[in-house]
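Student: Turn this into a structure:
(2 chains)
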Amino acid sequence: MNAPRGPGTTLRRRLMRLVLLATPALWALSALMSFLIARQEIDEMFDAELVRIAQQLAGALPHDEGAAAGVAASVPLAPRRPAIPDGGADVKDLVVVVWDPVGNRLPVGGRDGNLLPHRPGRRGFVDLELRRRDWRAFYLPTAGQGQVAVAQRVAERRELVRNLAVGPLLPWLLALPLLLLALAVGLERVLRPLRRLSAELEGRAADDLRPLDMQDLPADLRPLVAATNAQFARVATLLERERRFTSDAAHELRTPLAVLQAQWDAALLSADGAPLPEPLRRLGEGLARMSRLVTQLLLLSRVEHRESAAPRRPIDWSALVGETFTDALPLAERRGVELACEDCVPGTERFPLQGDAPLLAALLRNLLDNALRHSPRGGQVSLRFGADRLEVLDDGPGVPSEQLSRLGDRFYRPPGETQPGSGLGLSIVRRIADWHGLVVDWGPREDAPGFRVRLRRAGAPAPVAAEAGAAVEAA
Amino acid sequence: MRILIVEDDPQLGEALARGLSALGFAVDWFGDGSRADAALATTPYDAIVLDLGLPGRDGLHWLARWRAGAQRVPVLILTARDAVEQRIEGLDAGADDYLVKPIAIPELAARLRAVLRRSQGRPEPVWTHGALEYRPAAKAARWQGTPVELTARECALLELLLAHPQRVLPRALIQDKLYAFEQDIESNALEVHVHHLRRKIHPKVVRTVRGVGYALGGVEDLSA
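Tutor: You can find the predicted model right below:
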């Protein structure tokens, strides 16, 4: 594994950085090499020139060294420029000295000749320092055993080498920003499919497992996307298997429960209204609780596996309220509680929502059921619509504030709870609300004694009094 | 009333048959579709309670076949399959109601009666609800054996409530059914009819669900 990189490090940035560092390094290397080559070439050329001048001079000298002065004076040395392409080498940096066999320096052209040491019998190149400057000299004995020396300042050569080697480097340096710019633009284009891909993945819901589009993808990305799609398919299969298990479990649990319920009812109906012995009555209550628990569990598991991409339709609250009130009416009758809907005038646009009607019906059923079970006889349970909210209100004793936050936990039942229940109702409510982008909160009523559960759009401002309730944000 | 039950679970089928018999229905119970189909061909049933997960061909197959054969008898699906899609599939196949197991037998009986009342085939001749009797053919109502004089509108309202004994009917729906072709309905017309029904029959014959609509009073309240 690579060491973790900073969050801002993208492939693009890494590539740019690499180019930014590598290009000048490569150029520096190539400049160094051309410098070395140029230096060698120029050294050879200048050396050859020194040799040529020395030989010409030596050849022009008569064997009689005494006459040398005259001859030497006739050698057209000084005005001649060395045959060097650059031409920048100055003749004044060239020194020519002729010694007679005894070692006397003959008056030949050129200056500084007195600095050059006499080295009798020496033949070849010598590097010297004269007046704190580097020189290169060529010594050549003459036929009459005098000596000729030609010397040139080294700086002359070095300057030429610099001009030859470094000169081309400047345009390269100027080209570097252009190269980086071209690279950035090119990468921007090349990486576009990658960004499109990440945007698509980012915008997806957790359970959206449709394969990614492989069209218009560069060949390098295809294997990655194909592998991702294959993984999606595997996860989808897994989810599907789990869903099927839920469905199978539903069937397997419901059938024996239905048998128990039907046998119980049949026995009861055959008994012709005779009062039941207490243990049998308890058995019946247990059966009802069991049915309810299983139904709630299956509903919760179904809600939790609900695909977020499942279809949504505009909700007809009027039909939904009619349906759920129908379901709640028997319990309301039994408990002597009135059911009412406030601001339910048909035709008005109240709490418009796109969603899944059966799920919302389950949500309302759970809330009404809870409220009915906790309302005193003669009390009222009401459903109240607002433009961006829906509330279920009762006038029961409510829940102590320290237990409010635990209410939505699965299987949590407040201490002292006397009503039969699964402890799943609010978990179900919360999941269904989540799925619809709604936020659920609950707490004491503001307008009267009692308990209130409120659904509102995520993002809608909560009223000030809501701090009394335990807000449960949709995750 | 004669009911055909198609349910392959012997314990469930037996209990349903026994329970519905105790509630006054004549019940024939079969464990598979083909025997039920054969019985249906020879016996005039008033309604069918159909399980979906049957051995061999499943319940939807038989339902589709009966509907294709112009068999109009009301069918009530009773199944463990509770997904919404399955419910829609069942209703689309021609079922009159869709119930998910487990269900209390009195509830099943009430749904059967409701389905029978709404049935296009041979509607129940006398609808009873506690001490209330109603003959849809004659549009005649009796309370505790005594005839009740009702206007046509009141009669229609009572019939609508009796046809949906388990439901809270939204105001808008009742108004649509009662005043189908009329333009200007006085806003309190419905309240007036409800008031009359309560005065003529029993204060609890119609329950008001404030803000939503009306529901038929409970059997217990109307048994006196």
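Student: does A:Leu426 really touch A:Ser405, like I thought?
Tutor: No - taking contacts as CB atoms under 8 Å, A:Leu426 lies outside contact range of A:Ser405: 11.3 Å. For glycine as for every other residue, the C-beta is placed from the backbone atoms N, C-alpha and C.
Student: which residue sits closest to A:Gly284, ignoring its sequence neighbours?
Tutor: A:Trp264 (6.0 Å; CB to CB, 6 or more residues apart in numbering or on different chains).
Student: Report all helices and strands that the helix or strand hosting that neighbour contacts.
Tutor: Secondary structure assignment for A:Trp264, by DSSP states H and E: helix A:222-270. On a contact count with 3 or more CB pairs under 8 Å, 6 or more residues apart in numbering or on different chains; DSSP states H and E, helix A:222-270 meets helix A:278-304, helix B:10-22, helix B:105-118.
Student: How about B:Gln144: what's its closest non-neighbour residue?
Tutor: B:Ala131 (4.7 Å).
Student: Isn't the one you found up against B:Ala141?
Tutor: No - if you go by CB under 8 Å, B:Ala131 and B:Ala141 don't touch, sitting 11.2 Å apart.
Student: give me phi/psi at A:Ala149?
Tutor: Main-chain torsions, A:Ala149, degrees, to the nearest 10: phi -140, psi 130.
Student: And the strands in chain B?
Tutor: According to DSSP state E, chain B carries its strands in the segments B:2-6, B:26-30, B:47-50, B:75-79, B:97-100, B:127-129, B:132-135, B:140-143, B:146-148, B:168-170, B:206-209, B:213-216.
Student: what's the closest of those to chain A?
Tutor: strand B:168-170 (4.2 Å; CB to the nearest CB).
Student: List the residue ranges of chain B that fall below the pLDDT cut-off.
Tutor: B:120-123, B:180-187, B:224 (pLDDT under 70).
Student: thinking again about what came up before, measure the residue nearest to B:Gln144 to B:Gly145 for me?
Tutor: 8 Å (CB to CB, to the nearest Å).
Student: Same question for B:Glu7.
Tutor: 37 Å.
Student: neighbour-wise, which of these two wins?
Tutor: B:Glu7 (29 against 7; other CB atoms under 10 Å in any protein chain shown).
Student: Can you check the distance spanned by stretch A:122-136, start to finish?
Tutor: Terminal residues of stretch A:122-136 are spaced 14 Å apart (CA to CA, to the nearest Å).
Student: Show me what counts as buried in that stretch.
Tutor: Within stretch A:122-136, the residues scored as buried using 16 or more other CB atoms under 10 Å in any protein chain shown are A:Arg122, A:Trp135, A:Arg136.
Student: and which of those residues is nearest to B:Val100?
Tutor: Lowest distance from B:Val100 to the buried residues of stretch A:122-136 (CB to CB) belongs to A:Arg136, with 107.8 Å.
Student: Any chance you could note which residues of chain B sit beside chain A?
Tutor: Within chain B, the positions lying close to chain A (CB under 8 Å from any CB of the partner chain) are B:9, B:11-12, B:15-16, B:18-19, B:22-23, B:53, B:80-84, B:87, B:100-106, B:166-173, B:207, B:209-213, B:215, B:218, B:220.
Student: Quick one: residues contacting whichever residue of the stretch 51-200 of chain A sits closest to chain B.
Tutor: Closest to chain B within the stretch 51-200 of chain A is A:Glu200: 28.1 Å, counting by CB to the nearest CB. Shown in contact with A:Glu200 (CB atoms under 8 Å, 6 or more residues apart in numbering or on different chains): A:Leu212, A:Asp213.
Student: and the nearest residue to A:Pro414 once chain neighbours are set aside, what element?
Tutor: Spatial nearest neighbour of A:Pro414, excluding adjacent residues (CB to CB, 6+ apart): A:Gln403 at 4.8 Å. Secondary structure from DSSP H and E places A:Gln403 in helix A:401-404.
Student: Does the residue nearest to A:Gly284 touch A:Glu285 like I think?
Tutor: No - using CB under 8 Å, A:Trp264 is not in contact with A:Glu285; the gap is 10.7 Å.
Student: who has more neighbours, the two?
Tutor: A side-by-side neighbour count of A:Trp264 and A:Glu285, using other CB under 10 Å, places A:Trp264 first with 20 against 11.
Student: could you dump the buried residues of stretch A:122-136 to TSV with secondary structure, pLDDT and distance to chain B?
Tutor: Rendered in TSV, the data for the buried residues of stretch A:122-136 read as follows (DSSP: H, G, I helix; E, B strand; the rest coil; pLDDT from 0 to 100; distance: CB to the nearest CB, whole Å):
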residue	secondary structure	pLDDT	distance to chain B
A:Arg122	coil	83	110
A:Trp135	strand	86	101
A:Arg136	strand	88	98
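Student: So the residue nearest to B:Gln144 versus B:Glu124, what's the distance?
Tutor: 17 Å.
Student: Equivalent analysis for B:Ala70, please.
Tutor: Applying CB to CB to B:Ala70 and B:Glu124 gives a distance of 21 Å.
Student: which one of these two has more residues nearby?
Tutor: B:Glu124 (19 against 6).
Student: Contacts only, for the nearest residue to B:Thr79 once chain neighbours are set aside.
Tutor: Distance criterion CB to CB, 6+ apart; nearest residue to B:Thr79, sequence neighbours excluded, is B:Leu52 at 4.1 Å. Shown in contact with B:Leu52 (CB under 8 Å, 6+ apart): B:Asp58, B:Gly59, B:Leu60, B:Ile77, B:Thr79, B:Arg81, B:Gln86, B:Gly90.
Student: Just the CA coordinates for stretch A:213-228, please, in CSV.
Tutor: This file holds the C-alpha atoms of stretch A:213-228, laid out as CSV (Å, rounded to 0.1, in the frame of the first residue of the first chain):
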residue,chain,number,x,y,z
ASP,A,213,-22.4,3.4,-18.0
MET,A,214,-19.4,2.0,-19.9
GLN,A,215,-20.0,4.0,-23.0
ASP,A,216,-17.5,6.7,-24.0
LEU,A,217,-15.0,5.5,-21.4
PRO,A,218,-11.3,5.4,-22.3
ALA,A,219,-10.0,1.8,-22.4
ASP,A,220,-7.8,2.3,-19.3
LEU,A,221,-10.9,3.0,-17.2
ARG,A,222,-13.0,0.2,-18.5
PRO,A,223,-11.5,-2.6,-16.4
LEU,A,224,-12.1,-0.6,-13.2
VAL,A,225,-15.6,0.2,-14.1
ALA,A,226,-16.3,-3.3,-15.2
ALA,A,227,-15.0,-4.6,-11.9
THR,A,228,-17.1,-2.0,-10.0
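Student: Walk me through the domains of chain B.
Tutor: With domains defined by automatic domain parsing, chain B comprises B:2-118, B:127-222.
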